[in-house]
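Student: The following comprises the amino acid sequence and a computationally predicted model.
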Amino acid sequence: TRENFREMYPIIRSKIETCSFIAFDEEMSGINADGTMKFSKDDIPDIRYTKMVGVASKYSIIQFGLCMFHKSDDGFTASPYNFYLFPDFGGDIVMSASSIAFLRKNNMNFSTWIEKGVTFADSRGEEWALNKYCPKEPAQQRNPIVLSSQSDIDFMERNMAALNKFISDVDAGDFFEFEGCNSYLRRCIYDKVEREIDGVVVKKGSDPNRLVAHRINPQDRLDHERKVKEQMEQDFFDTVGFRNVFKDIIASKKPVVGHNMLYDLMFAMRWLDSPLKETFDEFRLYTHDLFPLLYDTKYIESSGIAGPAQTETTLEQCYERHKKCDSVRISVHEDCSEFDGEGTNYHNAGYDAFCTGCVFARQVYIADGTPKPVATVPNDSASPDSSLLTLCANKVFMMWSLFNMDLNPQNPGGVCKYTGTLVRCTGFPRSVTTSSLLSLVSTSGLQDVEVVWVNDMSFFFRIPEESSSDYCEALAKCLPPDWVLQPFGDFLLNSKGPCDLPVDSEEVHHQYAEENQPEKSLFDMAIDTICAPFRWAAFGGDESCNDDDSSVQPSRKRPRN
């Protein structure tokens, strides 16, 4: 909290500079997209990023959890911290009712957040504070403030004349009190006295609207100026607040680990750095420059790189599964005894950051397959030397999606979660169900076909990789003539999105369609996809927990509103 942030900051900064890797987590005031910005399962990374920008720019951060992991003889020592963040300036704080209800259910202390939250700023706020508290030039070298209102001019002339009379009269006492005035005129008084008058210093009086000039000798003036400078520097630090920690993380260039981290990353960059970039490619380029090594434990767990690919990948499920691994011992630093690693304080950002780092350390161990503890996470992380650290760097999980994201700008921006061949289908009636679809395609000769629902107007057939190349024709023969099939490559081209998949430019329609029947235009298909987004029923519970995704498993039920 702001009560102990100054005291704890040097310790935290030192741990960031010396650790092996950093795990983080956040709790936000909302995460739900609405209207046309609702997520659709077939959002390509470019489109999904645009939708997420709106959410990350609308809501704010309530808690920021940080956990530094230092190597020990048999594993790691973890130093978890939980920060409440509350701004002292800026725009409105927007809260989602469902998110606040979810956090309240998980014991979020909103009183501490509002009353004691550490302030923060982005780069623009830091620049404003720098100009206010740490001016580059003394008053004598700055342009003087020029008053335009006659009443303000009269006020300054009257008060400065009285001040000069006070200075010339050695028997007039030790201080002179100005007339009460607004903040603009108080600023003018500070500026004029500093620029033109020796022998006095101006300070705030007991009445906040009235300034007081005190007599001062040259030696006392030096002490006063030193104290003023120290106070200004402290005010600057307090105004920038948690951004100081964020900048230390950036400067360290250490591996940064999150769980289902895309929202956490975007919220942090929006509120602690600068407004998010307009395009996904610009965001990737900028993010990679700040954080060259990002690791998402949800992506790793679902990828199959660290053991069998898992479908139950919430943070709690991952941590409970991985904490049974005794080969990597993780102890909590004595300074952080409140996080003993045995509690069930999920959705406390500090505890979640601790759990995330524990999962990552054990994932690296499992992937490496060596008897040594995780010694491969380098302090100088330019070239990771384990398979997991290489294969999973900068790849992040994308919720409710066919894709995962790759934030390395040298790679394509998206990687499909599904193996095999995907064929998009539109133009079917709303009465269609998964079982009826599987019954129809059973006559196609294609084996192990699965159905991946997007919304009420589109889905994908998933066909194993070994299927023959005429899969579209085979599907077309067993489906009604007015249904439209589209190879996955065409879908990607029409969406203008990068993906690590071959692109087949041929679009196939049913050979049984009537010769004069109009085909759906690309515009119509885009409208189907973009303007009718639908949350898959399997995910329709509490949207406030951004960590429950079953999308790697095809639904056996038709999703309904």
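Tutor: Nice, thanks for sending it over. Residues are numbered from 1 along each chain as shown.

Student: Can you read off the pLDDT for the residue sitting furthest away from the middle of the chain?
Tutor: Relative to the centre of the chain, the most outlying C-alpha is that of residue 171, 62.4 Å out, by CA atoms, centre = their mean. Note on residue 171: pLDDT of 84.

Student: With residue 348 instead?
Tutor: 90.

Student: quick revisit: please report the distance of the residue farthest from the centre of the chain from residue 120.
Tutor: 51 Å (CB to CB, to the nearest Å). The way it works is simple: take the backbone N, C-alpha and C, and place the C-beta from them, glycine included.

Student: quick one: low-confidence ranges for this structure?
Tutor: Scanning the chain for pLDDT under 70 picks out 35-36, 136-142, 337-344, 368-386, 465-469, 496-561.

Student: Give the buried residues for the strand ranked longest in it.
Tutor: Counting by DSSP state E, the longest strand found in the chain is strand 61-72. For strand 61-72, a neighbour-count test (16 or more other CB atoms under 10 Å) marks 61-69, 71 as buried.

Student: try stretch 321-338
Tutor: 321-322, 325, 328, 330, 332, 336.

Student: Which of the helices or strands spans residue 165?
Tutor: helix 150-168 (DSSP states H and E).

Student: Packing partners of that helix?
Tutor: strand 175-177, helix 183-196, strand 211-215 (3 or more CB pairs under 8 Å, 6 or more residues apart in numbering; DSSP states H and E).

Student: Is it possible to get a markdown table of these that adds mean neighbour count and distance to residue 44?
Tutor: Shown next, in a markdown table, are the helices and strands packed on helix 150-168 (neighbours: other CB atoms under 10 Å; distance: least, CB to CB, whole Å):
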| stretch | mean neighbour count | distance to residue 44 |
| --- | --- | --- |
| strand 175-177 | 16 | 67 |
| helix 183-196 | 16 | 50 |
| strand 211-215 | 19 | 60 |
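
Student: Mind putting those into a markdown table with distance to residue 401?
Tutor: Shown next, in a markdown table, are the helices and strands packed on helix 150-168 (distance: least, CB to CB, whole Å):
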| stretch | distance to residue 401 |
| --- | --- |
| strand 175-177 | 66 |
| helix 183-196 | 50 |
| strand 211-215 | 59 |
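
Student: Which one of these lies nearest to residue 480?
Tutor: helix 183-196 (72.9 Å; CB to CB).

Student: That closest one to strand 211-215, inter-axis angle?
Tutor: Angle, helix 183-196 to strand 211-215, by axes from the mean of the first three to the mean of the last three CA atoms, to 10 degrees: 20 degrees.

Student: which SSE is the spatially closest residue to residue 288 that is not a sequence neighbour in?
Tutor: Spatial nearest neighbour of residue 288, excluding adjacent residues (CB to CB, 6 or more residues apart in numbering): residue 409 at 5.4 Å. Following DSSP H and E, one finds residue 409 outside all helices and strands.

Student: can you pull the contacts of residue 93?
Tutor: Contact analysis of residue 93 by CB atoms under 8 Å, 6 or more residues apart in numbering lists 29, 60, 87.

Student: Strands along the stretch 351-500 of the chain, start to end?
Tutor: Ranges of strands in the stretch 351-500 of the chain, per DSSP state E, counting those that start in this stretch, are 395-396, 403-406, 414-416, 421-426, 450-455, 458-463, 484-487.

Student: Reformat the ones you listed as CSV; add distance to residue 105.
Tutor: Listed next are the strands of the stretch 351-500 of the chain as CSV, based on distance: least, CB to CB, whole Å:
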stretch, distance to residue 105
strand 395-396, 27
strand 403-406, 30
strand 414-416, 34
strand 421-426, 38
strand 450-455, 29
strand 458-463, 34
strand 484-487, 43
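
Student: that older thread, among the helices and strands packed on helix 150-168, which is nearest residue 472?
Tutor: helix 183-196 (70.7 Å).

Student: Give the pairing partners of the longest strand of the chain; include direction for each.
Tutor: In the sheet, strand 61-72 lines up against strand 21-28 (antiparallel), strand 75-84 (antiparallel) (DSSP bridges).

Student: How far off centre is that strand?
Tutor: 15 Å (CA atoms, centre = their mean, to the nearest Å).

Student: CA-only coordinates of that strand in PDB, if you can.
Tutor: Written as PDB, here are the backbone C-alpha positions of strand 61-72 (Å, rounded to 0.1, in the frame of the first residue of the first chain):
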ATOM      1  CA  ILE A  61      -5.900  -2.300 -12.400                       C
ATOM      2  CA  ILE A  62      -7.000  -3.000  -8.800                       C
ATOM      3  CA  GLN A  63      -4.200  -5.300  -7.700                       C
ATOM      4  CA  PHE A  64      -0.800  -6.000  -9.200                       C
ATOM      5  CA  GLY A  65       1.000  -9.100  -8.000                       C
ATOM      6  CA  LEU A  66       4.700  -9.500  -8.400                       C
ATOM      7  CA  CYS A  67       7.000 -12.500  -7.500                       C
ATOM      8  CA  MET A  68      10.700 -12.600  -8.000                       C
ATOM      9  CA  PHE A  69      12.400 -16.000  -8.100                       C
ATOM     10  CA  HIS A  70      16.000 -16.400  -7.100                       C
ATOM     11  CA  LYS A  71      18.000 -19.600  -7.700                       C
ATOM     12  CA  SER A  72      18.800 -21.700  -4.600                       C
END
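
Student: Make residue 1 into 48 and carry on from there
Tutor: Sure thing, new numbering starts at 48, so read that last one as strand 108-119.

Student: For residue 90, what is the enclosing helix or strand?
Tutor: Per DSSP H and E, there is no helix or strand for residue 90.

Student: Skipping its backbone neighbours, what lies nearest it in space?
Tutor: The nearest residue in space to residue 90 (CB to CB, 6+ apart) is residue 448, at 6.0 Å.

Student: Now that neighbour, what are its backbone angles?
Tutor: Reported as degrees, to the nearest 10, the phi and psi values for residue 448 are phi -150, psi 160.

Student: Just list the residues touching it, thanks.
Tutor: 86, 88-90, 95, 464, 598.

Student: Name the member of those residues with the most neighbours.
Tutor: In terms of neighbours by other CB atoms under 10 Å, the contacts of residue 448 top out with residue 90 at 26 neighbours.

Student: how much space between that residue and residue 334?
Tutor: Applying CB to CB to residue 90 and residue 334 gives a distance of 19 Å.

Student: Over to residue 271?
Tutor: 45 Å.

Student: Please apply the same query to residue 101.
Tutor: From residue 101 over to residue 334 (counting by CB to CB), the distance is 18 Å.

Student: Compare these two and say which one has the larger neighbour count.
Tutor: For residue 101 and residue 334, the more surrounded residue by other CB under 10 Å is residue 334, and the numbers stand at 21 against 15.

Student: Name the helix or strand for the more buried one, please.
Tutor: helix 327-337.

Student: Just list what that helix packs against, helices and strands only.
Tutor: helix 92-105, helix 309-319.

Student: Minimum distance to residue 237: which of these has it?
Tutor: helix 309-319 (31.2 Å).

Student: Show me which residues of that closest one are buried.
Tutor: Buried residues in helix 309-319, counted by 16+ other CB under 10 Å: 309-319.

Student: Closest to residue 474 out of the residues you listed?
Tutor: The closest of the buried residues of helix 309-319, once distances to residue 474 are taken by CB to CB, is residue 309, at 32.4 Å.

Student: May I have the residues that are in contact with the closest one?
Tutor: Residue 309 touches 99, 343, 443-446, 452, counting by CB under 8 Å, 6+ apart.

Student: Please state the backbone phi and psi of the spatially closest residue to residue 529 that is not a sequence neighbour?
Tutor: Distances taken as CB to CB, 6+ apart put residue 474 closest to residue 529, at 5.7 Å, once the chain neighbours are dropped. Per-residue torsions, residue 474: phi 80, psi 10 (degrees, to the nearest 10).
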